[in-house]
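Peer 1: Sequence plus the predicted model coming up.
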Amino acid sequence: MLWRPVRVKLDKQNLFVCLAVVSLVVYSSLFSKCIVRRVHGVLSLNETNTETSISLRSTFSEKPEPVTEYESVVRLIPLINWNGLESQNDSFKNESKYRLLENQSLRPSRRLPDALVIGVKKSGTRALLEFLRLHPDVRAAGSEVHFFDKYYHKGFSWYRKKMPPTLEGQITMEKTPSYFVTKEVPLRVKQMNPNTKLLIVVRDPVTRAISDYTQAASKKKNRNGMKSFECLAFVKDTGFSVVDTTWGPVRIGVYARHLTKWLKYFPLTHMLFVSGERLIADPALEMARVQDFLGLKRVITEKHFYFNATKGFPCLMKSEGRSTPHCLGKTKGRNHPYIDAQILKRLRDFYRPFNYRFYQMTGMNFGWP
Ligand SMILES: Nc1ncnc2c1ncn2[C@@H]1O[C@H](COP(=O)(O)OS(=O)(=O)O)[C@@H](OP(=O)(O)O)[C@H]1O
């Protein structure tokens with residue numbers, strides 16, 4: 001096929017079309033150049049900031065124009081700087097601090113106890129707990145919880161709610177003296193935590209029995225209707241010779257028997273036996289032993305106690321709840337009824353072998369008469 005020259009007739013109409021096409025080509029070339037320069041200018045403002053600018057820039061080989069020559073129509077938003085945002089936004093800052101504390105367990109929470117004062121009733125358990133509360137690393141439930149003997153059916157979440165809020169590192173405690181003599185309790189405590197530390201305050205079982213009786217009598221509306229201590233402590237019609245071991249105040253004092261049940265579930269190393277007599281005669285010394293056993297710094301010292309001659313007991317200079325000197329309540333340190341010396345002797349004879357057995361088991365001689 002041969003190419004033949006095309007003759008175009010250059011009339012008026014064709015000339016007009018030609019001029020229009022030429023002007024259109026020139027105009028569009030100028031316009032696109034301007035667009036390229038604008039975009040290039042904007043991107044070169046941020047060329048060090050974004051990867052996008054670098055990659056786009058590489059597609060434009062033209063020399064960058066001075067920054068001032070073009071007014072940017074595109075606003076670049078900086079990448080979010082978390083530190084910067086924190087310093088501008090207080091609520092965010094507080095929230096993040098809160099989360100930090102929470103993560104570090106610095107928020108108090110209720111936990112199951114690490115240590116229990118399990119007994120023995122009327123031996124000085126309240127004094128021990130109140131003295132322990134002087135320590136900043138100890139938090140204890142105020143009243144007796146009776147979880148393991150009375151309210152076990154309520155479950156551990158109920159028990160946990162009864163505990164005071166504690167910080168990580170603080171010891172959570174409670175005291176319920178009846179735990180020591182309730183046969184189901186040792187296994188239940190072990191099931192909660194086999195490493196639970198057990199504190200047992202013991203006192204001469206004869207004085208303890210009289211104290212127990214005194215408390216029961218104080219609760220009776222009609223005290224005259226209450227039998228005497230002697231009548232209750234001995235089997236009827238035996239001439240005060242056979243001790244009634246079924247009577248609670250006597251039975252509780254056979255410490256060796258109760259301890260045998262605990263030793264089936266806990267080793268002696270998990271137990272500390274506190275002398276009720278020494279807790280009165282030298283509270284600071286006894287509290288040093290207690291703090292050592294719990295792995296606490298010895299914070300509770302002589303400075304915390306003074307002897308109140310009227311009360312006849314050591315009292316506290318200040319405590320968790322009170323900043324002035326005070327003693328334990330009226331229900332602690334009651335006057336005991338007079339008991340005939342022969343009765344006391346008979347009871348002491350009864351307890352002696354059990355006491356010796358208890359000394360052997362614990363490795364401590366409490367020196368009871
Ligand atoms: N500092 C101090 N102040 C007052 N009382 C003291 C103190 N230290 C030990 N005790 C003796 O604690 C005995 C009461 O023991 P408990 O607290 O274990 O009793 S209870 O089981 O909680 O009811 C209580 O017994 P009673 O004297 O028979 O009332 C006290 O002898």
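Peer 2: Arrived safely.
Peer 1: Which positions in the stretch 251-369 of the chain make contact with the ligand?
Peer 2: 279, 280, 313, 314, 328, 332, 333, 334 (C-beta under 6 Å from any ligand atom). All C-beta atoms are positioned from the backbone trio N, CA, C, and that covers glycine.
Peer 1: What are the neighbouring residues in contact with the closest residue to the third one other than its chain neighbours?
Peer 2: In space, not counting the residues next to it along the chain, residue 313 is nearest to residue 333; the distance is 5.1 Å by C-beta to C-beta, 6 or more residues apart in numbering. Listed by C-beta atoms under 8 Å, 6 or more residues apart in numbering, the contact partners of residue 333 are 311, 312, 313, 327.
Peer 1: What distance do you get for residue 265 to the ligand?
Peer 2: Going from residue 265 to the ligand by C-beta to the nearest ligand atom, to the nearest Å gives 23 Å.
Peer 1: Got phi/psi on that residue?
Peer 2: Backbone torsions for residue 265, taken as degrees, to the nearest 10, come to phi -120, psi -20.
Peer 1: Identify the farthest-apart pair in the contacts of residue 333.
Peer 2: 312 and 327 (9.7 Å; C-beta to C-beta).
Peer 1: Comparing those two, which residue is more hemmed in?
Peer 2: residue 327 (18 against 11; other C-beta atoms under 10 Å).
Peer 1: Not counting sequence-adjacent ones, nearest residue to that one?
Peer 2: residue 315 (3.8 Å).
Peer 1: how much space between the one you found and residue 131?
Peer 2: For residue 315, the distance to residue 131 (C-beta to C-beta, to the nearest Å) stands at 11 Å.
Peer 1: who touches stretch 287-301?
Peer 2: With contact meaning C-beta under 8 Å, 6+ apart, stretch 287-301 is reached by 115, 128, 131-132, 134-138, 171, 197, 199, 272, 274, 284.
Peer 1: Next, the buried residues of it.
Peer 2: 287, 290, 291, 293, 294, 296, 300 (16 or more other C-beta atoms under 10 Å).
Peer 1: Of the contacts of residue 333, which is the nearest to the ligand?
Peer 2: Closest approach to the ligand among the contacts of residue 333 (C-beta to the nearest ligand atom): residue 313, at 3.5 Å.
Peer 1: Read off the pLDDT value for that closest one.
Peer 2: You'll see residue 313 listed with a pLDDT of 98.
Peer 1: Can you verify my assumption that residue 311 contacts residue 327?
Peer 2: Yes: counting by C-beta atoms under 8 Å, residue 327 is a contact partner of residue 311 at 4.8 Å.
Peer 1: which residues does the residue nearest the centre of the chain contact?
Peer 2: Residue closest to the average C-alpha location in the chain (C-alpha atoms, centre = their mean): residue 166, at 3.1 Å. With contact set as C-beta under 8 Å, 6+ apart, residue 166 has these partners: 108, 109, 110, 111, 139, 172.
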